[in-house]
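> Here's my sequence, what's the structure:
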Amino acid sequence: MAKCAKVIINTVGPYRLYGEAVVKAAVENGASHVDVSGEPAFLESMQMKYDEEAKKKGVYIVGACGWDSIPCDLGFNFLKRNFNGQLNHAETFVQLNTGPAGYSFNAGTYQTLILAIANMANDGLSKIRRSIMPEKIPRSQYRPPKRGKIWYNEKLDGWCLPFLGSDKSIVSRSEYFNYIVDNEPPAYVETYFRIKSLLWTILFSLWLAIFFIMSKFGLTRKILQKYPDICSFNMFKTSGPTEEQIKQASFTYWFFGSGWSDKLPPGEQHNKSPDKMVIVRCDGPDAGYITTSACAISAALTLLHESNKIPLGMQPMMSLSERKRWMGEICCAMNDVLLYKVERLIIVARALFNNVLHNHIQSKEIKYIRDG
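Residues are numbered from 1 along each chain as shown. Next up is the predicted model:
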């Protein structure tokens, strides 16, 4: 298959079990590879192992091209481009919306979570990150606000938990490479999951704590793996969601960006607290199937038809004649091409970006700007 293909879309997880063989075959046979993984350990180890070979073969290996993590990565990039100043940090909030039929996630995601927790101590993620991001990059002294494990967001009128997906690691890597390649000042990102009800927030947190502990031990882990429907109270099912559930489901992603009205030259740091906030909102249909399919197909079509527009590789100051393919995150690989191909996502998934500007220096006046 890899010998005959130009681009492979790999949707079979858990990727830590089945992903590397496909990546290896793609690179060795000169095919680009797109996946929908949300597993940082897999994504970053693939970059460490196959980046150089992918460059030599002239192919792209681009991970996290599903709902994990295109909405977050491209939304963050959209926020930076529309900030009209210098972004210091962003806090992202995702909310999954269901209809009267409810929703059950596919058990494949559930199995991936179990394996991620079980192997957390052995993944060597810190070592991998030092390998793929060896340079120390300058950071602002003004870090994002410190939040608790559960906290109330007044702006969104909801309770927030840390988001456990790959979004933060994906955006952080994009920021690293944007600095290395384009000398673009990096911004911080923190990712959260929003739940409307405090009761459901507490219940979900309790389930997650028990799930985490059980995933750590062999016997209890086998029970979790064997009975996903029962152990997750039908939050995850082997059969996945029904067609009716998919049709009724949607998601909302908020990006609260803080920074400064003025942009300093590269190398200079602001010596005052951020004075500006920009809020971006992204709405889309069902995350697991409709949006993920749209994102993966859009990424593959971009690699297939518009690879000549994709930015230079990880080597800064590279001439056009020396352009190489490189392995990275969606925003680094495609930020000038895919980000504003919104019409492609609208056709497939009816995705929409809304940009809301909230300038709260002293007057706290709110302006609304709609894009799309």
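> give me the low-pLDDT residue ranges for the stretch 201-350 of the chain?
309-350 (pLDDT under 70).
> give me that answer again for 50
311-328, 336-350 (pLDDT under 50).
> Then the stretch 51-200 of the chain?
For the stretch 51-200 of the chain (pLDDT under 50), the answer is none.
> Kindly recompute the last result at 90.
Where the stretch 51-200 of the chain drops to pLDDT under 90, the residues are 51-52, 54-60, 66, 68-71, 73-75, 77-82, 121, 164-165, 177-178, 180-183.
> Leaving out sequence neighbours, find the closest residue to the spatially most central residue of the chain.
For the chain, the residue sitting closest to the mean C-alpha position, by C-alpha atoms, centre = their mean, is residue 69 at 2.5 Å. Spatially, and ignoring its direct neighbours in sequence, residue 69 is nearest to residue 170 (4.1 Å; C-beta to C-beta, 6 or more residues apart in numbering). Bear in mind the C-beta positions are built from the backbone N, C-alpha and C, glycine included.
> Now do that neighbour against residue 217, distance only.
As for residue 170, its distance to residue 217 is 30 Å (criterion: C-beta to C-beta, to the nearest Å).
> okay, the two: which has more neighbours?
residue 170 (29 against 12; other C-beta atoms under 10 Å).
> My guess is the more buried one contacts residue 67. True?
No: Residue 170 is beyond contact range of residue 67, at 11.8 Å (criterion: C-beta atoms under 8 Å).
> circling back: how near is the residue nearest to the centre of the chain to residue 17?
Taking C-beta to C-beta, one finds residue 69 at 20 Å from residue 17.
> Now do the contacts for residue 3.
Taking C-beta atoms under 8 Å, 6 or more residues apart in numbering, we find residue 3 in contact with 29-31.
> Name the helix or strand for it, please.
In the assignment (DSSP states H and E), residue 3 maps to no helix and no strand.
> quick one: it and residue 184, what's the gap?
Distance, residue 3 to residue 184, using C-beta to C-beta: 38 Å.
> quick one: which helix or strand includes residue 201?
Using DSSP H and E, residue 201 sits in helix 198-215.
> And the pLDDT at residue 2?
On pLDDT, residue 2 comes in at 86.
> Confirm for me that it is in contact with residue 32.
No: taking C-beta under 8 Å as the definition, residue 2 is not a contact partner of residue 32, at 10.3 Å.
> neighbours of residue 136, just the number please.
Residue 136: 6 neighbours (other C-beta under 10 Å).
> Going forward, the N-terminal residue is numbered 122.
OK, 122 is where the count begins now, so the last one is residue 257.
> wait, is it part of a helix?
No: Residue 257 is assigned coil when assessed by DSSP: H, G, I helix; E, B strand; the rest coil, not a helix.
> Quick check: the gap between it and residue 156.
Between residue 257 and residue 156 the computed distance is 29 Å (C-beta to C-beta).
> Put the alpha carbons of the helix or strand where residue 351 lies into PDB.
For residue 351, the host element (DSSP H and E) is helix 349-352. C-alpha atoms of helix 349-352 as PDB (Å, rounded to 0.1, in the frame of the first residue of the first chain):
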ATOM      1  CA  PRO A 349     -15.200  -0.600  28.800                       C
ATOM      2  CA  ASP A 350     -19.000  -0.100  28.700                       C
ATOM      3  CA  ILE A 351     -19.600  -1.000  32.300                       C
ATOM      4  CA  CYS A 352     -16.400   0.600  33.800                       C
END
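> Which neighbouring elements make contact with it?
If you count contacts as 3 or more C-beta pairs under 8 Å, 6 or more residues apart in numbering; DSSP states H and E, helix 349-352 packs onto helix 228-239, strand 357-358.
> What residues sit buried inside it?
Across helix 349-352, burial judged by 16 or more other C-beta atoms under 10 Å covers 349, 352.
> Run the chain-centre distance for it.
27 Å (C-alpha atoms, centre = their mean, to the nearest Å).
> Please work out which residues outside it touch it.
By C-beta under 8 Å, 6+ apart, the list of residues contacting helix 349-352 from outside reads 228, 231-232, 332, 335, 344-345, 357-359.
> same check, this time on stretch 127-135
Counting by C-beta under 8 Å, 6+ apart, 122-123, 139-140, 143-144, 147, 152-158, 160, 187, 229-230, 232-233, 236, 417-418, 421, 424-425 sit against stretch 127-135.
> End to end on that stretch, go ahead and measure it.
End-to-end distance for stretch 127-135: 24 Å, by C-alpha to C-alpha, to the nearest Å.
> Show the average pLDDT along that stretch.
Average pLDDT, stretch 127-135: 93.
> Who are the contact partners of the spatially closest residue to residue 225 that is not a sequence neighbour?
Nearest non-adjacent residue to residue 225, counting by C-beta to C-beta, 6+ apart: residue 358, 4.1 Å away. Counting by C-beta under 8 Å, 6+ apart, residue 358 touches 225-228, 349-350.
> Those into a markdown table, with extra columns for distance to residue 376?
What follows is the contacts of residue 358, written out as a markdown table (distance: C-beta to C-beta, whole Å):
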| residue | distance to residue 376 |
| --- | --- |
| 225 | 28 |
| 226 | 24 |
| 227 | 26 |
| 228 | 30 |
| 349 | 32 |
| 350 | 34 |
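> Out of the residues you listed, flag the one nearest to residue 287.
residue 226 (15.7 Å; C-beta to C-beta).
> Which elements pack onto the helix or strand following the helix holding residue 322?
On the C-terminal side of helix 319-336, the closest following helix or strand by DSSP H and E is helix 339-347. On a contact count with 3+ C-beta pairs under 8 Å, 6+ apart, helix 339-347 meets helix 228-239, helix 319-336.
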